[in-house]
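In: Got a predicted structure plus its sequence, pasted below:
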Amino acid sequence: MIRAVIFDLDGVITETSRQHFQAWKAVAYMIGVEIDSTVNESLKGVSREESLKIILKYGGILDKYSKEEMEKLCFCKNEYYKQLISQFTPANVFEGVVEMFEYLRGKGIKIAIGSASHNAPALISAMALEPYIDYIVDPGDVKRGKPAPDIFLKAAGALGVKPSECIGVEDAVAGVEAIKAAGMYAIGIGDAEVLKEADVVFGSIAEIDLGIIA
Ligand code: BG6
Ligand code: MG
């Protein structure tokens, strides 16, 4: 029996993957690294600090930066990212999301946000989705980021449900891996060729067959 659905935010509820990519691209360019969409795929679902490390490693300059310099680069990326999402409104919510939330509410199924992003609460508020959400995981509260299960397990714990009673919804390879590691049913959003570990994959939230949930 399904008692909760835990949604990733970036690329699932709204299109912020493009903005994350744009901000990282600019920061990477500043330090002489050019990143393409393949590199971006490996950044999805991954924390800000880990994303920077992936970029530095990709550029072969991982050892060149001190902890303080890396913190500054992360700060820069986030300032630019916040600028890019500053105009977000309910119009930025993907088609099908509100309908899905209403369906789940109607069935008494809890809704949580399990995002690696520290910007998640601000975005949820800007898109006026707060009334639907029972719990938002603070990524600062968990030890390990995705692909570790911590974020999804934290959500289940906070909602008082067992992992086996949860569905996770993710667009990132690292996120699907995290859901499966948590012992939950994984709905992938995107390309089935990429999200191989997911139990089922849909092109978008709007395409999810609600009957598979409850
Ligand atoms: C994830 C995104 O949801 O959050 C990643 O897919 C991002 O691209 C991560 O790096 C952390 O986000 P933020 O907003 O805290 O830098
Ligand atoms: Mg995502």
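Out: Arrived safely. Ligands and ions are numbered 1, 2, ... in the order given.

In: Dihedrals phi and psi, Ile113?
Out: Dihedral pair for Ile113: phi -110, psi 120, per degrees, to the nearest 10.

In: count of neighbours near it?
Out: Neighbours of Ile113 under the rule other Cβ atoms under 10 Å: 24. Any C-beta I mention is one placed from the backbone N, CA and C, and that applies to glycine too.

In: okay, the residue lying closest to it once chain neighbours are set aside: pLDDT?
Out: For Ile113, the nearest residue in space outside its immediate sequence neighbours is Ile136; the separation is 4.5 Å by Cβ to Cβ, 6 or more residues apart in numbering. The confidence metric pLDDT takes the value 98 at Ile136.

In: Was I right to think Ile136 contacts Ala122?
Out: No. Proximity of Ile136 to Ala122 does not meet the contact threshold set by Cβ atoms under 8 Å, at 10.5 Å.

In: circling back to that earlier point, so who does the residue nearest to Ile113 touch?
Out: With contact taken as Cβ atoms under 8 Å, 6 or more residues apart in numbering, Ile136 is in contact with 112-113, 115, 120-121, 124.

In: Give the buried residues for stretch 18-32.
Out: 19-21, 23-25, 27-28 (16 or more other Cβ atoms under 10 Å).

In: residues in contact with it?
Out: 10, 34-35, 37, 40, 43-44, 51-52, 55-56, 59, 61, 65, 73, 76-78, 80-81, 84-85.

In: hmm, try it at 7 Å
Out: Stretch 18-32 is contacted by residues 10, 34-35, 40, 43, 51, 55, 59, 73, 76-77, 80-81, 84-85 when judged by Cβ atoms under 7 Å, 6 or more residues apart in numbering.

In: Out of these, which comes closest to Lys180?
Out: Minimum separation from Lys180 among those (Cβ to Cβ) is found for Asp10, which lies at 19.1 Å.

In: Quick check: chain neighbours aside, which residue is closest to that closest one?
Out: According to Cβ to Cβ, 6+ apart, the nearest residue to Asp10 is Thr16 (4.4 Å).

In: picking up where we left off before, which among the buried residues of stretch 18-32 gets closest to ligand 2?
Out: Relative to ligand 2, the closest of those is His20; by Cβ to the ion it sits at 8.9 Å.

In: Please save the CA atoms from the helix or strand hosting that closest one in PDB.
Out: When elements are assigned from DSSP states H and E, His20 belongs to helix 17-30. The C-alpha atoms that make up helix 17-30 are tabulated as PDB, following Å, rounded to 0.1, in the frame of the first residue of the first chain:
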ATOM      1  CA  SER A  17      17.800  21.800 -14.900                       C
ATOM      2  CA  ARG A  18      18.500  24.300 -17.700                       C
ATOM      3  CA  GLN A  19      19.200  27.100 -15.100                       C
ATOM      4  CA  HIS A  20      21.500  24.900 -13.000                       C
ATOM      5  CA  PHE A  21      23.300  24.100 -16.300                       C
ATOM      6  CA  GLN A  22      23.600  27.700 -17.400                       C
ATOM      7  CA  ALA A  23      25.000  28.800 -14.000                       C
ATOM      8  CA  TRP A  24      27.500  26.000 -13.900                       C
ATOM      9  CA  LYS A  25      28.500  26.600 -17.500                       C
ATOM     10  CA  ALA A  26      29.300  30.300 -16.700                       C
ATOM     11  CA  VAL A  27      31.300  29.300 -13.600                       C
ATOM     12  CA  ALA A  28      33.200  26.600 -15.400                       C
ATOM     13  CA  TYR A  29      34.000  29.000 -18.200                       C
ATOM     14  CA  MET A  30      35.500  31.400 -15.700                       C
END
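
In: Lovely, talk soon.
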